[in-house]
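[1] Sequence isn't available, so here's the structure alone:
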């Protein structure tokens, strides 16, 4: 009871207002997106309401779930491929798609495939938000001016708009700019006042007083919520197409949804949820949408942004939004019908401005130039190619960069500091001296097929440039190695043979327990000679100085064991 009272006292008002704001924005968004699928408005409305409520109950975060652009485009393409023409048939096919997506998401959570979400790094998330925000803002050009824009991206639509200034409907532009200014002023000087609600409260009376519809200003129009049409009889269903396309939609919607969840987690005051829990939440949302004869849903960026900016604090925002959406379409369709589309465009444009967190992207430059470039690449990719293509390009670039780092690790030659434990960089750590007759070589990375040749080449180069000759032992410090493949195995033997030809003994020391097990199991220990393989780098170094601790060596460092 105390928790209920605390919620009513602290969070109820904010959640209620945020729910109304999300619902108000959802109406035109849902109607626009459902047009991409060729389905009736009811399908989009039920998908938005039932999907959001199901995710609020079963999902791990506070993002808003609903129809999104990428998913709707794929749904429309699938329905066209199936050849469904009757409304009832298309509704049934879309509902089956949503059900299959839900099943695939749930199966993915059981199989723990959510690990792929770890490929979405910080620069990808930061760039994604900027790219989505810019795309959402540019998409409002038509709403704010009544000028049809055919180009995609940011630059081309802007150029197209500038070339069509004579087609601008000035009353629409005036309404849009006034509403956008109202939203920005409230965001700047009264952030606790929900701008979306204020725009609705101001926009509907203004539309009625000035009869904006008769002035040519586009308005929302009538929206009715009825039961989705059902097929008169069970149509023939092409399951092969449905299964394959549902799998593709699952991948796209999960990737889009997980990016939404992770991008908004800091603004929601949450830790990023475990991806497999997100999959279960998406499964519940899609199954619920299917039961309402809807279509697949995913994370809704603009509606999540509205929920945050209008003060939403708990998951009940989604529930209130669903109730408000139903109420709007059932009981307030007449007032909503005269709301200017430009006012809704202003809400989305203002939310987009709030999402453009350029500081997060610029902060990356101080840490890593590559991550800064990756963030910019993601933003540009999202803008130019769409959300999913942009993210995929950024992930590919991130993986290539990771592979480059793994293939070209640094190395160093080590020595000792008298009286101090462990081994130290001979060139960088003051006071470090070489071990007489010993070259200690550290390869700072895993030793695998893609860097094994580099390892042998760099090791020989280190020997040739080593100033403290003669060298009798070449000691490989393997403390950073956790595994070994066949290519690396061959390169170690090749290095040992090259050193033997120079009269130098190759010593292998350290490595993880797994690495040492592979060395023993593969026969590498016998080929190198058991006396030349040590579990600890420090013990090996001391042994090479006379089989007893040297005055310059202290107790072995635990990290070197």
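    Nice, I can see it. What you see is a predicted model, and the numbers here were worked out from it, not measured in a lab. Numbers count the residues shown, from 1 in each chain.

[2] from here on, contacts and neighbour counts on C-alpha atoms
    OK.

[3] now stretch 140-149, how far from the centre of its chain.
    Taking the mean of its C-alpha atoms, stretch 140-149 sits 30 Å from the chain's own mean (Cα atoms, centre = their mean, to the nearest Å).

[4] how close does residue 102 get to residue 282?
    7 Å (Cα to Cα, to the nearest Å).

[5] okay, those two: which has more neighbours?
    residue 282 (36 against 28; other Cα atoms under 10 Å).

[6] Now name the helix or strand holding that one.
    Under the criterion of DSSP states H and E, residue 282 resides in helix 275-291.

[7] Contacts made by that helix with the rest, please.
    Applying Cα atoms under 8 Å, 6 or more residues apart in numbering, the contact partners of helix 275-291 are 46-48, 50-55, 58-61, 65, 94-99, 101-106, 108-110, 112-115, 117, 254, 258, 295-298.

[8] Now the element after that helix, going C-ward?
    Following helix 275-291 in sequence order, the next helix or strand is strand 298-299 (DSSP H and E).

[9] And the average pLDDT for that following strand is what?
    Taken as a whole, strand 298-299 has an average pLDDT of 88.

[10] Give me the contact list for whichever helix or strand comes after that strand.
    Sequence-wise, the next helix or strand downstream of strand 298-299 (DSSP H and E) is helix 301-309. When contacts are defined by Cα under 8 Å, 6+ apart, helix 301-309 is touched by residues 18-19, 21-22, 25-26, 63-64, 136, 194, 196, 260, 264, 267-268, 317, 348, 351-352, 355.

[11] What about these, which are in helices?
    Of these, the ones assigned to helices by DSSP state H are 18-19, 21-22, 25-26, 136, 196, 260, 264, 267-268, 317, 348, 351-352, 355.

[12] buried subset of the contacts of helix 275-291?
    46-48, 50-55, 58-61, 65, 94-99, 101-106, 108-109, 114, 117, 254, 258, 295-298 (16 or more other Cα atoms under 10 Å).

[13] what domains does the record give for this structure?
    Structural domains assigned to the chain are 2-399, 411-560, following automatic domain parsing.

[14] Those domains: lowest mean pLDDT?
    domain 2-399 (a mean of 82).

[15] Next, the distance between the ends of that domain.
    50 Å.

[16] Check stretch 266-285 too.
    Per Cα to Cα, the first residue of stretch 266-285 is 23 Å away from its last.

[17] Name the residues of that stretch that come out as buried.
    Within stretch 266-285, the residues that qualify as buried are 268, 272, 274-285, counting by 16+ other Cα under 10 Å.

[18] cool, and stretch 488-502?
    488, 489, 491, 492, 493, 495, 496, 497, 498, 499.

[19] what does stretch 527-535 give?
    Here stretch 527-535 shows 528, 532, 533, 534, 535 as buried, counting by 16+ other Cα under 10 Å.

[20] mind listing which of these are in strands?
    The members of the buried residues of stretch 527-535 that map onto strands under DSSP state E are 533, 534.

[21] and which of the buried residues of stretch 527-535 is nearest residue 342?
    residue 535 (71.4 Å; Cα to Cα).

[22] Tell me the spacing between the closest one and residue 445.
    Residue 535 is 18 Å from residue 445, by Cα to Cα.

[23] now residue 361
    29 Å.

[24] Just to check, residue 504 is in contact with residue 475?
    No: here residue 504 does not reach residue 475: they are 10.1 Å apart, not a contact under Cα atoms under 8 Å.

[25] Settle it for me: which of those two has more neighbours?
    residue 475 (24 against 18).

[26] That one bridge partners, please.
    Bridge pairing for residue 475 (DSSP bridges) gives the partners residue 440, residue 507.

[27] any idea how far it lies from residue 187?
    64 Å.

[28] can you check residue 313 too?
    18 Å.

[29] what are the ranges of the strands in this protein?
    For the chain, the strands defined by DSSP E occupy 65-66, 298-299, 411-415, 424-425, 438-443, 473-477, 505-509, 533-534.

[30] would you turn the ones you listed into TSV with distance to residue 237?
    What follows is the strands of the chain, written out as TSV (distance: least, Cα to Cα, whole Å):
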stretch	distance to residue 237
strand 65-66	26
strand 298-299	24
strand 411-415	61
strand 424-425	68
strand 438-443	59
strand 473-477	63
strand 505-509	64
strand 533-534	65
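
[31] Return the most buried member of these.
    Most buried of the strands of the chain, by mean neighbour count (mean count of other Cα atoms under 10 Å): strand 65-66, with a mean of 32.
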